[in-house]
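S.K.: attaching a predicted model along with its sequence, questions to come.
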Amino acid sequence: EDEGEKTLRSPICCIMGHVDTGKTKLLDCIRRTNVQEGEAGGITQQIGATYIPAENIRERTKELKADAVLNVPGLLVIDTPGHESFKNLRSRGSGLCDIAILVVDIMHGLEPQTIESLNLLRMRNTEFIVALNKVDRLYGWKTCKNAPIGKAMKLQSKDVQLEFEHRTTQIIIEFKEQGINTELYNKNKDRGETYSIVPTSAISGEGIPEMLLLLVQWAQKTMIEKLTYSSDIQCTVLEVKVIEGLGTTIDVVLVNGVLHEGDAIVVCGYQGRIHTTIRSLLTPHPMKELRVKGAYIHHKEIKAAQGIKITARNLEHAVAGTALYVVGPDDDVEEIKESVMDD
Ligand code: GTP
Ligand code: MG
Ligand code: NA
């Protein structure tokens, strides 16, 4: 590494959209997991986090021969629920992310929570791409498992291509009605002003290569400053959960900085601020979902960006959605405690 060259952290990518558009299934397809089928009623009810290392992205995009120079260590993906009652979780997820995937079902077009998600992203000026999902449901679709969508589309019959064009044109109009310019990724000459649409299937994997490549390339191209690693701790509590054998734990997203076992931390509690010490720092294995109980990796220390489960005493009344602070040796605990309750 060059002297003075800055290291980048992993971009945080939130996946948003109307209920049942296939957000979790898209992540399952990338991870080669089966999280969605284990969900009660097939409905996501929590925020999730999955770390995708750069080597997996490289592997998944190699057919595109983009020779993708990946300067980021990976991608941290945040799954959110699409059901209307979880607006607070969508807001929490979108508040954390650097970039987003807005998932639209090609058979349904824009739906109420698509528009709600769009407004959350707009409010914070968050960059996003549109995944136009469930292309395999176009009548007569020929499966090309995990292929680039560019290649898969060429192999479709004229009828499938016409139905695709018709539906995509309609959806571009629906976005236009919301004041948003969109265009298919391969026709989009005006990135930055016009958002890119990538057709995908979460079931057979077409379009996943382009979706991953576009996300990482766009993040690397436009967000270098934001993605430059900083040692100032920036950490948000996603969920507070009782886990058998571990007691009450918090799932956090560490956006910047390093956390260590034994760090003194302060988090916001319903009955006042909580001052405690990190007992253990746990992550799932790469490509596994944090919200699904599984084998955890124990870390002495861990660097951003990551989704982490923290065990510590006194977390019972911790408030999800608030910031976590680390008390350094020279910090004034009282001052930190005050800012905690401002959240
Ligand atoms: P919520 O998190 O509850 O908002 O839903 P979601 O957006 O995560 O959708 P989910 O992954 O739960 O998928 C909803 C349903 O659509 C499931 O039955 C999936 O199998 C199905 N599905 C998702 N993606 C695709 C796809 O690309 N093609 C087809 N045919 N079905 C899909
Ligand atoms: Mg889901
Ligand atoms: Na669902």
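M.R.: The structure has been received and is ready for your questions. Ligands and ions are numbered 1, 2, ... in the order given.
S.K.: please enumerate the helices of the protein.
M.R.: 23-31, 54-61, 87-96, 112-123, 149-154, 158-177, 208-222, 224-227, 333-340 (DSSP state H).
S.K.: any residues touching the second one, and which ones?
M.R.: Taking contacts as C-beta atoms under 8 Å, 6 or more residues apart in numbering, the residues outside helix 54-61 that touch it are 30, 68, 70, 72-75, 146, 208-209, 212-213, 216, 286-287. C-beta here means a position set from N, CA and C on the backbone, and glycine is covered the same way.
S.K.: which one of the helices of the chain lies nearest to ligand 2?
M.R.: helix 23-31 (3.2 Å; C-beta to the ion).
S.K.: ignoring the adjacent residues along the chain, who's closest to I101?
M.R.: Take I101 and drop its neighbours on the chain: the residue closest to it by C-beta to C-beta, 6 or more residues apart in numbering is I15, 4.7 Å away.
S.K.: pLDDT wise, what is that neighbour at?
M.R.: Looking at I15, its pLDDT reads 98.
S.K.: ok, now E1?
M.R.: 40.
S.K.: also the one 5 residues further on?
M.R.: Reading off the per-residue confidence, K6 sits at a pLDDT of 74.
S.K.: returning to that earlier point: figure out which of the helices of the chain is closest to ligand 1.
M.R.: Ranking those by their distance to ligand 1 (criterion: C-beta to the nearest ligand atom) puts helix 23-31 first, at 3.3 Å.
S.K.: hey, C-alpha coordinates of the closest one in PDB?
M.R.: The C-alpha trace of helix 23-31 is given here as PDB (Å, rounded to 0.1, in the frame of the first residue of the first chain):
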ATOM      1  CA  LYS A  23     -35.700  -8.800  -0.800                       C
ATOM      2  CA  THR A  24     -34.700 -11.700   1.500                       C
ATOM      3  CA  LYS A  25     -34.800 -14.100  -1.400                       C
ATOM      4  CA  LEU A  26     -32.300 -12.000  -3.400                       C
ATOM      5  CA  LEU A  27     -30.000 -12.100  -0.400                       C
ATOM      6  CA  ASP A  28     -30.600 -15.900  -0.100                       C
ATOM      7  CA  CYS A  29     -29.600 -16.200  -3.700                       C
ATOM      8  CA  ILE A  30     -26.300 -14.200  -3.100                       C
ATOM      9  CA  ARG A  31     -25.500 -16.100   0.100                       C
END
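S.K.: which residues does it contact?
M.R.: Here helix 23-31 has contacts from 15-17, 33-36, 39, 44, 48, 50, 52, 56, 60, 77, 79-80, 82, 101, 103, 131, 133, 200, 202-203, 205, 208, 211-212, 287-289, using C-beta under 8 Å, 6+ apart.
S.K.: buried only: go through those for me.
M.R.: Those of the contacts of helix 23-31 that meet the buried threshold are 15-17, 33, 35-36, 44, 48, 50, 52, 56, 60, 77, 79-80, 82, 101, 103, 131, 133, 200, 202-203, 205, 208, 211-212, 287-289, by 16 or more other C-beta atoms under 10 Å.
S.K.: so which of the residues you listed are also by ligand 1?
M.R.: 17, 36, 44, 82, 133, 202-203 (C-beta under 6 Å from any ligand atom).
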